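Engineer: Quick one, fold the following:
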Amino acid sequence: MSRTFPLEKIRNMGIIAHIDAGKTTATERILYYTGRTYKIGEVDEGTATMDWMQQERERGITITSAATTCYWREYCINIIDTPGHVDFTAEVERSLRVLDGGIVILDALAGVEAQSETVWRQADKYDVARLCFLNKMDRVGADFYHAVRMVEERLQAKPLPIELPLGVENLFRGVIDLVENNAITFPDNPDLMPVMETIPESDRAVAAEYRQKLIERLAESDNQIMQMYLEGQDIPVSLLKGVIRKLTIANQAVPVLCGSALRGKGIRPLLDAVVDYLPSPLDIPPISAMGLSGEKGILCRPNDEDALAALVFKTVSDPFMGRLSYIRVYSGEIKAGAQVLNSTRNEKERLGKLYLMHANHREEIDEADTGAIVAVVGLKKTFTGDTICNVTSPLLLESIHFPEPVISMAIEPKSKADQDKLHNVLNKLMDEDPTFQCYQNSETGQTIISGMGELHLEVLTERASREFGIKVNVGKPQVAYKETITILVESEGKFIRQSGGKGQYGHVWLRLEPGERGSGFAFLNQIRSGVIPREFISAIEAGSRAAVQSGVSGYPVVDIKVTLYDGSFHEVDSSDLAFNIAASIAVKNGIPKAKPIMLEPIMKVGIVTPEQFLGEILGDLNSRRAHIENIEAHETFSIIRCFVPLSELFGFAGDLRSLSQGRANCTMEFCRYQELPSNLAKQHMAEMAVR
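Structural biologist: Predicted structure coming up:
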């Protein structure tokens with residue numbers, strides 16, 4: 001096929017940031033200035049193109065990542081606008097998995113906030129090249145230089161300022177371009193073009209200082225710039241841009257720009273930086289894949305002529321079109337109606353229609369080539385993280401790993417007629433969101449849903465009502481406690497049944513011992529001399545694994561190592577079922593003897609509050625068993641960083657608003673599991689017994 005855009009002119013990038021930093025506002029200006037939209041959408045007015053869900057427009061936050069395509073300077077830019085709230089971290093995770101570059105937007109007043117650190121780590125995980133855009137430079141208290149220092153200190157990054165602000169706070173009017181060595185001012189009318197001019201006399205000294213720092217930094221990485229710098233020669237702008245691009249793609253530097261997205265100031269230079277410095281698919285190392293038999297070393301090069309390698313990074317249940325699968329094509333090409341292989345599930349699928357997405361609007365296309373991000377209908381057995389490839393050239397890409405849910409609540413339909421329909425809807429929502437889980441409690445018969453936070457579950461239950469017409473009742477949120485053991489024990493499990501004919505015989509000795517925190521479940525086989533035949537070992541492991549999942553108190557047992565070291569079998573009566581049950585009995589008998597303890601989820605909490613409310617908020621946190629990590633004092637506000645048990649955080653957001661007259665805000669993210677104090681564990685178990 002003939003490509004519309006050569007690979008070197010494609011940019012796949014995301015916009016990531018802390019909540020309220022201005023991601024969607026910046027995206028709306030990008031779409032407007034690139035001609036993708038004819039009117040600027042506003043988050044506060046509920047007219048943002050990328051926040052297309054009704055709940056997003058009502059709440060003024062991004063809930064689901066939205067994809068679009070726009071064009072700038074003859075380049076094709078595929079953009080994914082991601083949420084900033086920690087409850088929707090899965091949207092950021094799967095977006096970064098398939099992106100080549102990103103714009104990290106920071107509030108120039110607050111600098112690096114809690115969720116900024118989270119998304120930065122996620123970008124590090126996938127080696128995504130980044131630009132930093134310091135937004136809201138026109139706000140009172142905005143400090144460009146302090147924010148740059150925070151990027152270096154808190155994110156452990158290497159910021160490379162390529163712009164400086166021209167004016168501060170309400171006098172902010174433009175930027176100083178250190179690469180071009182000129183000034184760019186932005187008229188108050190966002191429709192008017194920026195004005196290029198010489199750097200004002202009052203700013204020349206600081207501009208010269210920072211431009212020299214920029215050149216010195218680039219000279220460290222490039223001999224040609226070093227030689228020209230030492231000889232006092234003028235260094236061509238094209239050479240400076242080339243080295244900045246090289247350092248950015250290698251994640252050895254992060255170019256820093258600034259502006260005010262709401263006023264449209266700094267957006268056009270930001271777009272120039274995207275095409276000048278962020279990588280194309282050709283700049284990214286070939287993606288590594290495996291064969292279906294486990295062989296490694298298969299490289300998927302960005303080439304239309306190579307075998308197809310594509311990753312499904314998101315699925316959406318559309319009420320009108322059914323399941324919509326978002327795909328990043330790493331190599332080869334796909335065509336509407338073609339047969340492909342889902343190598344993750346070893347299922348053949350036929351592609352339906354292909355679409356270029358613009359938020360919730362679709363533009364039908366016939367085919368998509370390497371580097372494309374498209375949506376497809378018709379994939380009935382394909383889910384998030386699955387690999388799509390040619391039937392004749394099977395390969396497997398690394399999937400996407402998501403955090404475990406930390407909060408649960410019971411859900412039921414208001415009418416019995418909706419019972420079956422509710423389960424279908426919950427299954428659709430689970431297909432869309434890997435951090436949302438649902439299961440039936442065998443003891444109580446309740447349907448339990450689990451997610452990343454109160455807001456996460458609230459949004460999903462609202463979707464069940466609005467999109468699928470099911471009215472539901474939800475119970476009080478419950479914490480996803482876990483258990484672990486503290487000492488080594490040995491435990492025997494026997495399952496022997498005789499019924500006149502062929503019976504059942506399984507007998508095992510297991511050693512249960514605590515593992516490292518976060519190690520999960522480990523199984524070790526130490527059977528020698530055929531004491532138990534090899535064909536029964538997998539059944540014993542499965543029985544052990546199932547037993548620790550349900551635990552003894554109803555909570556999963558984690559960080560446990562199970563070793564099979566002895567047992568016996570019967571030549572006629574032994575079976576997989578018998579050994580599976582025997583292993584389960586051994587585990588359940590052994591756990592109570594191993595001095596089990598309960599573990600509770602601990603959340604990392606970041607709070608930004610005006611100085612006058614600091615004492616009251618700290619008092620409230622102490623009552624919630626918080627461990628204060630540090631408090632950063634700024635001129636007009638403080639940032640509290642602490643760790644708080646999730647069980648103590650229900651209702652905290654509302655209490656925080658009350659304590660601070662609505663002026664403080666907070667973010668929470670799951671951090672780790674740690675031991676629940678014994679007195680609280682006994683109290684909790686007593687309450688569970690009463691229920």
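Engineer: Break down the stretch 401-550 of the chain into its helices, ranges please.
Structural biologist: 419-432, 454-466, 537-550 (DSSP state H, counting those that start in this stretch).
Engineer: Provide the contact partners of the helix or strand just after the last one at residue level.
Structural biologist: Next in sequence after helix 537-550, counting helices and strands by DSSP states H and E, comes strand 560-568. Residues from elsewhere that reach strand 560-568 (C-beta atoms under 8 Å, 6 or more residues apart in numbering): 484-485, 506-515, 519, 521-527, 531-532, 537, 540-541, 544, 548, 582-583, 587. The C-beta positions use only the backbone N, C-alpha and C, and glycine is treated the same way.
Engineer: go with 6 Å
Structural biologist: 485, 507-513, 515, 522-527, 532, 540, 544, 548 (C-beta atoms under 6 Å, 6 or more residues apart in numbering).
Engineer: hmm, which of those residues are the buried ones?
Structural biologist: When these are checked for burial by 16 or more other C-beta atoms under 10 Å, the buried set is 485, 507-513, 515, 523, 527, 532, 540, 544, 548.
Engineer: Need the residue closest to the centroid of the protein.
Structural biologist: For the chain, the residue nearest the mean C-alpha position is residue 93 (2.4 Å; C-alpha atoms, centre = their mean).
Engineer: that's a helix at that one, yeah?
Structural biologist: Yes. Secondary structure of residue 93 (DSSP: H, G, I helix; E, B strand; the rest coil): part of a helix.
Engineer: Can you pull out the low-pLDDT segments for the stretch 451-600 of the chain?
Structural biologist: Under the criterion pLDDT under 70, the flagged ranges of the stretch 451-600 of the chain are 477, 499-501.
Engineer: what sits against the nearest residue to residue 433 once chain neighbours are set aside?
Structural biologist: Of all residues not flanking residue 433 in the chain, residue 90 sits nearest, at 6.2 Å (C-beta to C-beta, 6 or more residues apart in numbering). Residues near residue 90 by C-beta under 6 Å, 6+ apart: 402, 434, 435.
Engineer: Point out the least confident one among those.
Structural biologist: Note: of these, the lowest pLDDT belongs to residue 402, at 81.
Engineer: My read is that it contacts residue 433, right?
Structural biologist: No. Between residue 402 and residue 433 there is no contact under C-beta atoms under 6 Å: 8.9 Å.
Engineer: Between these two, which has more neighbouring residues?
Structural biologist: Of the pair residue 402 and residue 433, residue 433 is the one with more neighbours under other C-beta atoms under 10 Å, namely 26 against 17.
Engineer: Output the lowest mean pLDDT helix or strand found in the chain.
Structural biologist: One helix or strand of the chain scores below all others by mean pLDDT, DSSP states H and E: helix 54-59, with a mean of 62.
Engineer: where do the helices sit along the stretch 51-200 of the chain?
Structural biologist: Applying DSSP H, counting those that start in this stretch to the stretch 51-200 of the chain gives helices spanning 54-59, 89-98, 114-125, 144-154.
Engineer: mind listing the strands for the stretch 151-300 of the chain?
Structural biologist: Per DSSP state E, counting those that start in this stretch, the stretch 151-300 of the chain carries strands over the ranges 159-161, 163-166, 174-177, 182-185, 195-197, 254-258, 287-290, 298-300.
Engineer: List of residues touching the last one?
Structural biologist: Residues outside strand 298-300 that contact it (C-beta under 6 Å, 6+ apart): 286, 287, 289, 309, 330, 331, 395.
Engineer: Kindly report the same for stretch 328-340.
Structural biologist: 98, 287, 300-301, 303-304, 306-311, 349-351, 353-354, 366-370, 372-373, 388.
Engineer: Among the residues you listed, name the ones in strands.
Structural biologist: 287, 300, 309, 310, 311, 349, 350, 354, 367, 368, 373, 388 (DSSP state E).
Engineer: Need the max-distance pair from the residues you listed.
Structural biologist: Spatially, the most separated pair among the ones in strands among the contacts of stretch 328-340 is 287 and 350, at 24.5 Å (C-beta to C-beta).
Engineer: Can you pick out the residue with more neighbours from the two?
Structural biologist: In this view residue 287 and residue 350 are compared by other C-beta under 10 Å, and residue 287 has more residues nearby, 19 against 12.
Engineer: returning to that earlier point: show me how to select, in ChimeraX, the buried members of the contacts of stretch 328-340.
Structural biologist: ChimeraX command restricting the contacts of stretch 328-340 to the buried ones, with burial defined by 16+ other C-beta under 10 Å:
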select :98,287,300,301,303,304,306,307,308,309,310,311,349,351,353,354,367,368,369,370,372,373,388
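Engineer: ok, residue 104 - how many residues close by?
Structural biologist: Neighbour count of residue 104, defined by other C-beta under 10 Å: 27.
Engineer: How about residue 658?
Structural biologist: For residue 658, the neighbour count with other C-beta under 10 Å is 11.
Engineer: Confirm it sits in a strand?
Structural biologist: No. With three-state DSSP as the criterion, residue 658 is helix rather than part of a strand.
Engineer: any idea how far it lies from residue 200?
Structural biologist: 47 Å (C-beta to C-beta, to the nearest Å).
Engineer: Over to residue 297?
Structural biologist: Taken as C-beta to C-beta, the span from residue 297 to residue 200 is 57 Å.
Engineer: What of residue 492?
Structural biologist: Counting by C-beta to C-beta - residue 492 and residue 200 are separated by 84 Å.
Engineer: which parts of the longest strand along the chain are buried?
Structural biologist: Using DSSP E, we find that the single longest strand of the chain is strand 597-610. Neighbour-count burial for strand 597-610 flags 597-609 (criterion: 16+ other C-beta under 10 Å).
Engineer: which of the residues you listed lies closest to residue 84?
Structural biologist: Lowest distance from residue 84 to those (C-beta to C-beta) belongs to residue 606, with 12.4 Å.
Engineer: quick one, what contacts residue 587?
Structural biologist: Here residue 587 is in contact with 544, 547 (criterion: C-beta under 6 Å, 6+ apart).
Engineer: Next: residue 92.
Structural biologist: By C-beta under 6 Å, 6+ apart, the residues touching residue 92 are 82, 119, 122.
Engineer: my guess is the second one contacts residue 14, does it?
Structural biologist: No. At 9.3 Å, residue 119 and residue 14 do not qualify as touching, with contact defined as C-beta under 6 Å.
Engineer: Report pLDDT for the nearest residue to residue 79 once chain neighbours are set aside.
Structural biologist: Leaving aside its sequence neighbours, residue 79 sits nearest to residue 68 (C-beta to C-beta, 6+ apart; 5.3 Å). pLDDT recorded at residue 68 is 91.
Engineer: Just give me the neighbour total for residue 68.
Structural biologist: 23.
Engineer: Check residue 40 too.
Structural biologist: By the criterion of other C-beta under 10 Å, residue 40 has 18 neighbours.
Engineer: Against residue 191, how distant is it?
Structural biologist: Residue 40 sits 10 Å away from residue 191, going by C-beta to C-beta.
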